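Engineer: sequence isn't available, so here's the structure alone:
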């Protein structure tokens, strides 16, 4: 295998772990997780195989959107600790080989942010055009808002000046005017500030909404011009800084956000289309929707990457499915109205959706790491945590981390339960049944399985760097992919169906004497003289097979 210099594109083979500091571990027992608690669990994350931490918002906020409504971009929420505690946490992470990226929330601010408060002082305020204003209110519909049902539209009247400000999200989150050079300069300064504190990049929130088409100053291409400028700034300050974007659009539109052929905008984007197709495939027990979604992925140049995920920190959006397809997924995994959100998604975690079926759960996470791209885990996925449907909105999937089955509050905090930042998950997937402490000593638990997946993924550059081809197969339940990078190759197979099967492969293009090394079992397979082989696959089974040619010295 040829060794390629890939150090400056570290995200291509990263294992990303998303967490909210507030709900991870409370070290001072005030009911809120903190930087000291996170630092104390860095060895746990390192042993899990995490190489990049994505931290959800950590700034002071107005309290309207779980931290996504910042009031000060240069500070941390005092409940989490101080800036000194933050820097010490980053140092501990880097010492364990873990990079840290943070949320860059600049589509809007809190209405309590000093910029907005100053913009309301008068129409002549120098901060007035930091935001988007209109003298009249256009006709509105809840569908315009990111939160239909919670908001009637995207314009709200400001009593102080009598004009209307735009808010794509909650009315307490006024949209910033990113066509204003002063606002762009402020964002560059705050990004540079956090890079100086040791982070390795940003997850950019709500990218398609950064510049509103209703802004009279916006023009075609303005958003992409801004992303190129931001990418160039970060590259000057720190050559390997990451821009990971939340872009829930059709694939052809996503290519533009990578920067097209120049690849000079976002480094990495979440594959929302693939994720939604995966849930439809799970509901149907038929791999075809995901097979077609993967075939529809545009080819990216080497500097760009897809980020794969089973679920993110918000509602599990299904907005790219048709109405009929969405209803299929709702019927299978969220039949009760309280399990659904905004008419377009689910507020559930995977294990409860699959009724705790370990075969299906493990197949899905094998798939997550086998998909071409970079895997992203949401905290607690590695142990199979559940949700708390009594919590409002998307908060249902953000309960505190479950460390112990016997300690108070699942080992998250010793504070009284009423003081916790969020209610614990309950029922069969709560801390008594699902926790880190028990699974660390149980070789058959989900935690050691996910740990093995992370390490196998890191040993298989074909998955992060390689070209993947989806191979059609007569059995509709099977997803079969061949991954190749340089002179190495792999085959990954996943059975979405509930029946055992025999899989016939024809690899007549490989050299004579090739065998398939099974990376999870001792069931290596020698090919026939004609390059064919028949492989058994259990219901909801999966296999990772390295194509081992004569003379191959790679470790199994």
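Structural biologist: On my side now, so go ahead. The shown structure was predicted, so the numbers you read here are calculated from the model rather than taken from an experiment.
Engineer: just the helices in the stretch 101-250 of the chain please.
Structural biologist: Assignment of helices within the stretch 101-250 of the chain using DSSP state H, counting those that start in this stretch yields the ranges 114-119, 181-196, 222-237.
Engineer: mean pLDDT for these: which is lowest?
Structural biologist: Considering the helices of the stretch 101-250 of the chain one by one, the lowest average pLDDT is found for helix 222-237, at a mean of 94.
Engineer: who are the contact partners of the spatially closest residue to residue 266 that is not a sequence neighbour?
Structural biologist: Excluding the flanking residues, the one nearest residue 266 by CB to CB, 6 or more residues apart in numbering is residue 245, at 4.0 Å. The C-beta positions use only the backbone N, C-alpha and C, and glycine is treated the same way. Contacts for residue 245 were tallied using CB atoms under 8 Å, 6 or more residues apart in numbering; they are 203, 204, 207, 257, 266, 268, 269, 270.
Engineer: of the helices of the stretch 101-250 of the chain, which is nearest residue 292?
Structural biologist: Ranking the helices of the stretch 101-250 of the chain by proximity to residue 292 (CB to CB) places helix 222-237 first, at 27.9 Å.
Engineer: pipe the contacts of residue 245 into CSV and attach pLDDT, distance to residue 139 and neighbour count per row.
Structural biologist: As requested, these are exported to CSV (pLDDT from 0 to 100; distance: CB to CB, whole Å; neighbours: other CB atoms under 10 Å):
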residue, pLDDT, distance to residue 139, neighbour count
203, 96, 34, 24
204, 95, 31, 23
207, 93, 27, 24
257, 94, 30, 21
266, 96, 33, 24
268, 97, 38, 26
269, 97, 33, 26
270, 96, 32, 22
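Engineer: for the closest residue to residue 391 other than its chain neighbours, give me its contacts.
Structural biologist: The shortest distance from residue 391 to any non-neighbouring residue, by CB to CB, 6+ apart, is to residue 423 (5.8 Å). Residues counted as contacts of residue 423 (CB under 8 Å, 6+ apart) are 388, 390, 391, 399.
Engineer: could you report the pLDDT at residue 423?
Structural biologist: Reported pLDDT at residue 423 in the predicted model: 96.
Engineer: can I assume it sits in a strand?
Structural biologist: No - counting by DSSP: H, G, I helix; E, B strand; the rest coil, one finds residue 423 to be coil, located in no strand.
Engineer: check which helix or strand residue 375 maps to.
Structural biologist: In this structure, residue 375 sits in strand 374-378 according to DSSP states H and E.
Engineer: which residues are in contact with that strand?
Structural biologist: 11-19, 50, 54, 268, 270, 305-313, 368-369, 397, 450, 454, 457, 464.
Engineer: just the ones of those residues in helices?
Structural biologist: Using DSSP state H, the subset of the contacts of strand 374-378 located in helices is 368, 369, 450, 454, 457, 464.
Engineer: which of the contacts of residue 245 fall within strands?
Structural biologist: With strands identified by DSSP state E, the entries of the contacts of residue 245 that belong to them are 203, 204, 268, 269, 270.
Engineer: how much space separates residue 532 from residue 494?
Structural biologist: According to CB to CB, to the nearest Å, residue 532 stands 21 Å off from residue 494.
Engineer: which of these two has more neighbours?
Structural biologist: Under the criterion of other CB atoms under 10 Å, the comparison of residue 532 against residue 494 puts residue 494 first, with 25 against 12.
Engineer: on that earlier part again, how about the ones in helices among the contacts of strand 374-378, which pair is most distant?
Structural biologist: Within these, 450 and 464 form the most distant pair, 17.2 Å apart (CB to CB).
Engineer: residues of stretch 136-155 that come out buried?
Structural biologist: Of the residues in stretch 136-155, those buried by neighbour count under the rule 16 or more other CB atoms under 10 Å are 144, 145, 146, 147, 151, 153, 154, 155.
Engineer: swap in stretch 511-531?
Structural biologist: In stretch 511-531, the ones that count as buried by 16+ other CB under 10 Å are 514, 515, 516, 517, 518, 519, 525, 527.
Engineer: which one of the ones in helices among the contacts of strand 374-378 is nearest residue 380?
Structural biologist: Minimum distance to residue 380 across these is 10.9 Å, recorded for residue 450 (CB to CB).
Engineer: contacts only, for the closest residue to residue 326 other than its chain neighbours.
Structural biologist: The spatial neighbour of residue 326 that comes closest, neighbours along the chain excluded (CB to CB, 6+ apart), is residue 318 at 4.7 Å. Taking CB under 8 Å, 6+ apart as the criterion, residue 318 is in contact with 276, 279, 325, 326, 329, 330, 344, 345, 346.
Engineer: helices of the stretch 401-550 of the chain, start to end?
Structural biologist: Counting by DSSP H, counting those that start in this stretch, the helices of the stretch 401-550 of the chain are 436-439, 446-458, 461-465.
Engineer: low pLDDT regions in this structure?
Structural biologist: Screening the chain residue by residue with the criterion pLDDT under 70, one finds the ranges 1-7, 213-220, 556.
Engineer: what does stretch 56-76 rub up against?
Structural biologist: Everything outside stretch 56-76 that qualifies as a contact, by CB under 8 Å, 6+ apart, is 18-22, 35, 77-78, 80, 82-83, 85-86, 102-103, 105-106, 108-114, 169-170, 172-173, 186, 190, 193, 205, 313, 394-395, 398.
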